[in-house]
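# Model the following, please.
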Amino acid sequence: MKIYTKTGDKGVTSLANGVRVSKAELRLETYGTADELNAHFGVLHSLLSETEGGADYAEQILWVQNKLFNLGAMLSSAAGEWITAAEVQQLEQWIDAIQKDLPVLRAFTLPTGSVMIATAHVCRTVTRRLERLMVRLDENEPDPNMPVALQFVNRLSDFCYVLARKCVIMQKKAPFLWKK
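Coordinates of the predicted model:
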């Protein structure tokens, strides 16, 4: 089977339900951003896998990547419960576990320090963009499954932030703090 079909050559594609739409549709931008985020998490997974103390976090990232595929399926078809409240709670548990080992911050952190730290912050910022797109999509095409999916994405951004801070500790770095 060939990878190219030529069916999208004129700027249209099919949603998961078979409906043909413009590649400029908000829905495509939204699930394309979920796919982009998944790729960034793939880089973060690779970096964590190569870092002492990063294996457990790398496993969590694989879980996140699977959930992002589920989210993409939901966003591409506007049908079905692909993200659950239990998955939101899982992220909250991981956030709480990571955060209990972090020192108190008295300034904003800059998204730098190493490739791994910066990649965690890229994941955080792309997650926030995905969240904004999901809100717009739900405003245009309400989906009863969107509230839980939005909770998941909101927690995912928080997870990325605390993980970036944990990466600073794992790599024995000092955080770069914002200076006014």
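
# wait, what's in contact with residue 38?
By C-beta atoms under 8 Å, 6 or more residues apart in numbering, the contact set of residue 38 is 65, 68-69, 72. C-beta coordinates here come from the backbone N, C-alpha and C atoms, glycine included.

# From residue 47, how far out is it?
Distance, residue 38 to residue 47, using C-beta to C-beta, to the nearest Å: 15 Å.

# and what of residue 104?
Distance of residue 104 to residue 47, computed by C-beta to C-beta: 26 Å.

# Next: residue 59.
Following C-beta to C-beta, the distance that separates residue 59 from residue 47 is 14 Å.

# more crowded one of these two?
Neighbour comparison, residue 59 and residue 47: the larger count goes to residue 47, with 22 against 13 (by other C-beta atoms under 10 Å).

# ok, the more buried one touching residue 117?
No: Residue 47 lies out of contact with residue 117 (C-beta atoms under 8 Å); the separation is 9.3 Å.

# low-confidence ranges in this protein?
For the chain, the stretches flagged by pLDDT under 70 are 78.

# residue ranges of the strands in it, please?
Listed in chain order, the strands of the chain (DSSP state E) span 12-14, 20-22.

# Of the ones you listed, which stretch is the most buried?
Of all these, strand 12-14 has the most neighbours on average by mean count of other C-beta atoms under 10 Å, namely a mean of 14.

# rewinding a little: from the contacts of residue 38, pick the one nearest residue 8.
residue 72 (17.1 Å; C-beta to C-beta).

# Test my guess that the closest one contacts residue 34.
Yes: contact criterion C-beta under 8 Å: residue 72 and residue 34 qualify, at 4.5 Å.

# the more surrounded of the two?
Shown here are residue 72 and residue 34; by other C-beta under 10 Å, residue 34 has more neighbours (25 against 20).

# related to what we said a few turns ago, export the strands of the chain to a markdown table and tack on distance to residue 4?
Formatted as a markdown table, the strands of the chain follow (distance: least, C-beta to C-beta, whole Å):
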| stretch | distance to residue 4 |
| --- | --- |
| strand 12-14 | 13 |
| strand 20-22 | 17 |
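
# Next, the contact list for residue 54, please.
By C-beta under 8 Å, 6+ apart, residue 54 lies in contact with 47-48, 167, 170.
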